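Novice: coords please:
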Amino acid sequence: MEIRPDKYKLIELAHYKMPFGKYKDRYLVDLPEGYLIWFQQKGFPDGKLGLLLKSMLEIKINELEPLIRKIQKDFPKQSL
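Specialist: Okay, the predicted model is just below:
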């Protein structure tokens, strides 16, 4: 079984902004890793936001942030 990332979901993740709290309107990639770990310990929100926050934590843990920043640059939000 081959696992392939969905490019549209990666583009969405790259451009998704935190909708509330201290880091409101920041891209998820710009959230501190400690904040994402706090969510992991307390419980991620339900729905899409929770899935995106979990994904971003995995990206940060595996040091793949440059991939998300490249997606932001190569696929500007207005091109969606």
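
Novice: Skip ahead from the one helix or strand L36 maps to and say which helix or strand is next.
Specialist: Using DSSP states H and E, L36 falls within helix 33-42. Stepping forward along the backbone from helix 33-42, the first helix or strand reached (DSSP H and E) is helix 47-61.

Novice: in the next helix-or-strand element following that following helix, what's buried?
Specialist: Next along the chain after helix 47-61, taking DSSP H and E as the criterion, comes helix 65-74. Within helix 65-74, the residues that qualify as buried are 68, 71-72, counting by 16 or more other Cβ atoms under 10 Å. For the C-beta atoms, the positions are set from N, CA and C on the backbone; glycine is no exception.

Novice: which one among those gets closest to N62?
Specialist: I68 (11.4 Å; Cβ to Cβ).

Novice: who's in contact with the closest one?
Specialist: By Cβ atoms under 8 Å, 6 or more residues apart in numbering, the contact list for I68 reads 10, 13-14, 29, 56, 59.

Novice: most neighbours, which of the residues you listed?
Specialist: Within the contacts of I68, most neighbours by other Cβ atoms under 10 Å means M56, with 25 neighbours.

Novice: Burial check on the closest residue to that one other than its chain neighbours, number of neighbours?
Specialist: Closest residue to M56 in three dimensions, ignoring its sequence neighbours and counting by Cβ to Cβ, 6 or more residues apart in numbering: L28, at 4.5 Å. Residues near L28, counting by other Cβ under 10 Å, number 22.

Novice: gap between L28 and K77?
Specialist: 13 Å (Cβ to Cβ, to the nearest Å).

Novice: Pull the contacting residues for the residue nearest the centre of the chain.
Specialist: Taking Cα atoms, centre = their mean, the centroid of the chain lies closest to M56, which sits 3.8 Å from it. Shown here is M56, whose contacts under the criterion Cβ under 8 Å, 6+ apart are 13, 28-29, 31, 36, 68.

Novice: Swap in 10 Å and give it another go.
Specialist: 13-14, 16, 18, 27-31, 33, 36, 39, 64-65, 68 (Cβ atoms under 10 Å, 6 or more residues apart in numbering).
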